[in-house]
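Student: could you look at this predicted model? Sequence included:
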Amino acid sequence: MEKQIRRKDGSLKSVSYAKWGFIFIAPFFLVYIVFTLIPQFLTLYNSFFENYRDGLKQIGPNFVGLDNYKELFSPDGNGTILVLRYTLNTLIMWLLGAIPQFVIAMLLAIFFTSYRLKIKGQGFFKSVIYMPNLIMAAAFSMLFFTLFDMTGPIHYVLVENGIIDASFDFFSNRVTVRSLIALMNFLMWFGNTTIVLMAGIMGIDQSLFESATIDGANPVQVFFRVTFPLLMPIFVYCLITAMIGGIQMYDVPQVLTKGNGSPNGLSKTLVMYLNSYFGPSKNYGMAGALSVYIFVITGSLGFFVYKRLSAPYKDSARKHRRRKGDVI
Amino acid sequence: MKKLIVILLAAVMLLSIVGCAGQGGTQPAAEQGKVFNIYAWNEEFKGFFEKYYTVPEGVTVNWIINPSDNGVYQQKLDEALLNQANASADEKIDMFLAEADYIGKYVDSEYTMDVTSFGFKNADTMYDYTIKAASDSNGVCKGVSFQCCPAAVIYRKSIAKDVLGTDVPEEVQAQIDTWEKFDAVAAQAKEKGYYMTASFAETFRAFSNNCTMPWVDKDNKLQFDPQITAWMDQTEKYIANGYTLTAGVWDAEKTNQMFKDGKTMCFFGPAWYYNFCMTNAQDKENGCVGDWCIVKGPQAYFWGGTWLLAATGSDNTDMLKDIFETFTTNEDVCSKLVENENQYPNNTKVVEKYAKDESYGNTAILDGQNDIAVFAELAKDIKWENHTNYDQLLNEGLQNKLQEFYKGSVDKETAMKNFYQYVKETYATITVPEN
Amino acid sequence: MSKQSGAVNRKRGLSDNTKGMVKLTALRVIVYAILIFLSFLCLFFFYLMIINASRTHADLQKGFTLLPGGNFIQNLVNAWNDASINIPRGMLNSLIIALATAVLTTYFSALTAYGIHAYDFRGKKLVFTFILAVMMIPSQVSAVGFVQLMNKMGLHDSYIPLIVPGIAAPVVFFYMKQYMESVLPLDLVAAARVDGSGEFRTFNTIVLPLLKPAIAVQMIFSFVSSWNNYFIPALLLDKPEKKTVPIMIAQLRSADYSKFDMGKVFMFILLAILPVMIVYIILSKSIIKGITAGSVKG
């Protein structure tokens, strides 16, 4: 009932307050245009040009239309379209790490916020699980390398126990190298996701839980009917940013495989590929085309996830919350 | 809020105006500048410079040191050189350092200056290859090196004794002075349970330094020198027969072979290799100091080295000349480089002095052998021919792609095709063989 | 998740209170077991870092051990006194940049998100979609162009290109927007308006405190990523007194052989984690505080 009175109020006021929306978003856009949009536009522009260096000599820019894109999608000597292989690598390695990352993070966030469990030493656990995220990715990867290298302790123990052959190389086997990269990504990011989800759950109005419990809902029902729908925006945020981060995966596989993406390019990611064009030839043409491709992939996946997950939530969330339009 | 943005934008504009104003700077022709800018990637040379060179009064020396990680050093150097014409006199680069692996990129450009233009003359005492490395395709020399890096075969005496029945350098050398003999010894070593080398790429530089043609032909097509294919054949055989390991030259699996209980007979490296790569051999408990000797091996070669290049547009040419002379022809300084810094200087006269010195011997790692005498002989045979700007990354790429084959992850054909793809990605200008 | 829900389901079927307590205790045991296992995994790598930081370069070359070496203090002294880098200065530089970035990023992202969340204006959907779209552009893409542009603007060796772009951080904006969707009741804003509060004041005094947990979370993240950023600062900063921690670490790693010392490198990496750790602990407290302070709503 209150809602309706407010709605009338709000719709009257919405006209006069519109300018504040513009004022509030203005700094973002000014800075964005000056510092980011121009370089990004140059990237797109470059993708239609032949533009690279031979030593210190600049070749181009010469307009070549879509040639860079054609080159990007043409198969290499082994008949593989590399950009597709690297896309697949990137997605596989991301998913391998992201699935456990989200399952564990969700569980931990529930544990930490549960008033029934009352976990002790929360401060300790929360700090510790976030710690791997504090180390530079390159340094973290260096540590992993020394652990799993041919001379590392894990190799030694496994060989001693006859589990692997002495010549087995973790970084030359598709399954192990991808799993290690996924494991590192998991360790580095599950604490981060836990914190975000936890902050999200803690932001939810406690009275909603209480009333649901009074209505006779069991904890599972509370989670799926109340917590999860209300957490959905934050969950979507986590998923999409994790995906963006995953597609931009670079340091970990780069350091672990010494930039080779071994074996046979099966652990090479899209950004590692992008970096090979930024090498001595400064091939901005090809790098531009590849960047646009990465953007298209991320964008379409991102929007798919956003649309798929945001739409159903909106219906259920409406029951619990007044819509913004209702007020202002 | 608005205010902040306005201030911000104003600041940005102001700064860009200031930046543009700087471009108008003119440079006096003969007058010497007061600021000397040096680009480098670490502090090695800076240390020698500060100890052994007296900076003229009134001149400030700026060291712009950028790490080589992720190619930052070259990236910044390139930007600065491309902007050199627009920079004000005090901001221009006067001198920069370059390594053997990419020196060609800078020497073969307009951004480096003929040393004779400011009156420097290459001395007879300098090693020929160091001059060639700093000269462009027309033979115009653009800089000097303060060191020379002849490389040798460093062998374990105890293993040589077991395999060959002798550990005397002359006798060992006689048994491995060609690659055929070296291969035969590898087989003998294998029979006794040893490895000949500890990395598939250990012998690479000994071959690649002796190439008779560059990596690309005149049409910029990739080509394989017989030396490179010889290395590939040798390595394939060594891996198949178990004469060597699949580890890379820098891997721990290889360096662990330098411990007392290591099973590897030969390592390939120059003088700096002792300190940089052989710390395991110098380990107090598990090392084997004194169990090492050096010989020439099958082919003379070099590894590494740092050059000082004169940047076009420098207004401190007198000082450039002075620095170049100090670190090449000044015998006093060159002797100090040997005695205090463990350097192998670019001065044959000074080197001869130590090579003939009966009292000189290396006990830090060798058995007291006069290694300078060996290196001095080697240095005479070093060639600088058929190098290209592409060498460093093509050599690395070939080794990395073939390593996957040696490790058994791909077949040889795939490895080679992966290498061609790598070449295409790294250097847009090179054409690779079609399928 | 299945373990917990299973336990909970079974609990529901039992009316006996003590049996419920037993189930709860069993659940707690499982939860603690999971937490301890994960904590062990995470701490293990810090243990490795400390071990490595306590060993000499020669020891590190030998390979790996689980036991510490005796060189911890020496490595600390060596790193601190290294002639080519100035650790306290680097830490201070990094701290200035990371703190400024964290503050600007979170404040302006919240402001932008609020601008879109709380007001209706024409093109609002388009603006939101635009920011979401640019969020998908990989940051590496524009790095080189960005550096060239900054050099042209005369911002070489300046901290402006490292701090100011933080104002436009699509990812942080997106988080703030999502967070507001799930926790910010707009009737509170309307109420403030009725009380005669100006729009900026409402945002600063009413909305921001409600967002405390979100702000703390994003401050941590942006602080950490700014602190660990190597590539762009390395390309923009030349003067030794301007350099940041990751550049100095890279410099130690590319030192020449007479000075190269991995023990020193690991020590510096370890030292570099400490400030981030402290900031994290301080801010994570304010996540909790923010919750209790934010109980006005509802």
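Tutor: Structure's in. What do you need?
Student: how about A:Thr151, what does it touch?
Tutor: Residues in contact with A:Thr151 (Cβ atoms under 8 Å, 6 or more residues apart in numbering or on different chains) are B:Asp251, B:Ala252, B:Glu253, B:Asn256, C:Gly63, C:Phe64. Using the backbone N, CA and C atoms, a C-beta is placed for each residue, glycine as well.
Student: just name the lowest-scoring one in the residues you listed, pLDDT-wise.
Tutor: Note: of the contacts of A:Thr151, the lowest pLDDT belongs to C:Gly63, at 71.
Student: of the contacts of A:Thr151, list those near chain A.
Tutor: B:Asp251, B:Ala252, B:Glu253, B:Asn256, C:Gly63, C:Phe64 (Cβ under 8 Å from any Cβ of the partner chain).
Student: follow-up on the earlier one: looking at the contacts of A:Thr151, which are in helices?
Tutor: When DSSP state H defines the helices, the subset of the contacts of A:Thr151 inside them is B:Ala252, B:Glu253.
Student: okay if I get the contacts of A:Thr151 as CSV plus distance to C:Tyr280?
Tutor: Formatted as CSV, the contacts of A:Thr151 follow (distance: Cβ to Cβ, whole Å):
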residue, distance to C:Tyr280
B:Asp251, 35
B:Ala252, 33
B:Glu253, 37
B:Asn256, 38
C:Gly63, 32
C:Phe64, 28
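Student: number of nearby residues for the nearest residue to C:Thr65 once chain neighbours are set aside?
Tutor: Spatial nearest neighbour of C:Thr65, chain neighbours left out: C:Ile51 (7.0 Å); criterion: Cβ to Cβ, 6 or more residues apart in numbering or on different chains. Neighbours of C:Ile51 under the rule other Cβ atoms under 10 Å in any protein chain shown: 19.
Student: C:Ile51 against C:Asn71, yeah?
Tutor: No: C:Ile51 lies out of contact with C:Asn71 (Cβ atoms under 8 Å); the separation is 10.8 Å.
Student: which one of the contacts of A:Thr151 is nearest B:Ile323?
Tutor: Of all the contacts of A:Thr151, B:Ile323 sits closest to B:Asp251, with 37.6 Å by Cβ to Cβ.
Student: hmm, that closest one is touching A:Thr146, no?
Tutor: No: B:Asp251 is beyond contact range of A:Thr146, at 11.3 Å (criterion: Cβ under 8 Å).
Student: phi and psi next, for B:Glu285.
Tutor: Here is the backbone geometry of B:Glu285 (degrees, to the nearest 10): phi -90, psi -50.
Student: okay, now it: neighbour count?
Tutor: 7.
Student: pLDDT score for it?
Tutor: pLDDT, read off for B:Glu285, is 84.
Student: tell me the centre residue of chain A?
Tutor: A:Ala242 (2.1 Å; Cα atoms, centre = their mean).
Student: list the buried ones in the helix or strand harbouring C:Gly115?
Tutor: Taking DSSP states H and E as the criterion, C:Gly115 maps to helix C:87-118. Within helix C:87-118, the residues that count as buried by 16 or more other Cβ atoms under 10 Å in any protein chain shown are C:87, C:89-91, C:93-95, C:97-118.
Student: over to stretch C:25-42?
Tutor: C:Leu27, C:Arg28, C:Val31, C:Tyr32, C:Leu35, C:Leu38, C:Ser39, C:Leu41, C:Cys42.
Student: which of those come close to chain A?
Tutor: C:Leu27, C:Arg28, C:Val31, C:Tyr32, C:Leu35, C:Leu38, C:Ser39, C:Leu41, C:Cys42.
Student: which non-adjacent residue is nearest the residue nearest to the centre of chain A?
Tutor: Excluding its sequence neighbours, the residue lying closest to A:Ala242 (Cβ to Cβ, 6+ apart) is A:Ala98, at 5.6 Å.
Student: pLDDT score assigned to the residue in chain A positioned nearest to chain C?
Tutor: Going by Cβ to the nearest Cβ, chain C is nearest to A:Phe24 of chain A, at 2.8 Å. pLDDT, the model's per-residue confidence, is 93 for A:Phe24.
Student: how about the contacts made by it?
Tutor: C:Leu111, C:Thr112, C:Tyr114, C:Gly115, C:Ile116, C:Tyr119, C:Phe203 are the contacts of A:Phe24 under Cβ under 8 Å, 6+ apart.
Student: at 10 Å what do you get?
Tutor: Listed by Cβ atoms under 10 Å, 6 or more residues apart in numbering or on different chains, the contact set of A:Phe24 reads B:1, C:108, C:110-119, C:121, C:199-200, C:203.
Student: of those residues, which are in range of chain A?
Tutor: Filtering those for proximity to chain A by Cβ under 10 Å from any Cβ of the partner chain leaves B:1, C:108, C:110-119, C:121, C:199-200, C:203.
Student: contacts only, for B:Gln392.
Tutor: A:Pro280, B:Glu99, B:Ala100, B:Asp101, B:Tyr102, B:Ile103, B:Gly104, B:Lys105.
Student: just C:Gly115 next, same as before
Tutor: A:20-28, C:121, C:124, C:127, C:173, C:177, C:199, C:203.
Student: pull the number of nearby residues for residue 236.
Tutor: Reading this off chain A. Neighbours of A:Val236 under the rule other Cβ under 10 Å: 21.
Student: wrong one, I was asking about chain C
Tutor: 22.
Student: equivalent analysis for B:Ala247, please.
Tutor: Other residues within reach of B:Ala247, judged by other Cβ under 10 Å, total 25.
Student: host element of A:Pro39?
Tutor: helix A:38-46.
Student: hmm, that helix in reach of chain B?
Tutor: No: using Cβ under 10 Å from any Cβ, we find that helix A:38-46 stays clear of chain B, coming within 12.3 Å at best.
Student: repeat that for stretch C:246-253.
Tutor: Yes: for stretch C:246-253, a contact with chain B is found by Cβ under 10 Å from any Cβ, at C:Pro246, C:Ile247, C:Met248, C:Ile249, C:Ala250, C:Gln251, C:Leu252, C:Arg253.
Student: could I have that stretch exported to PDB, CA atoms only?
Tutor: C-alpha atoms of stretch C:246-253 as PDB (Å, rounded to 0.1, in the frame of the first residue of the first chain):
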ATOM      1  CA  PRO C 246      56.900  -5.100  -9.000                       C
ATOM      2  CA  ILE C 247      59.300  -3.100 -11.200                       C
ATOM      3  CA  MET C 248      62.000  -3.400  -8.500                       C
ATOM      4  CA  ILE C 249      61.300  -7.200  -8.300                       C
ATOM      5  CA  ALA C 250      61.700  -7.500 -12.000                       C
ATOM      6  CA  GLN C 251      64.900  -5.500 -11.700                       C
ATOM      7  CA  LEU C 252      66.300  -7.800  -9.100                       C
ATOM      8  CA  ARG C 253      65.400 -10.700 -11.400                       C
END
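Student: any idea of the mean pLDDT for it?
Tutor: 88.
Student: touching chain A at all, that stretch?
Tutor: Yes: for stretch C:246-253, a contact with chain A is found by Cβ under 10 Å from any Cβ, at C:Pro246, C:Ile249, C:Ala250, C:Arg253.
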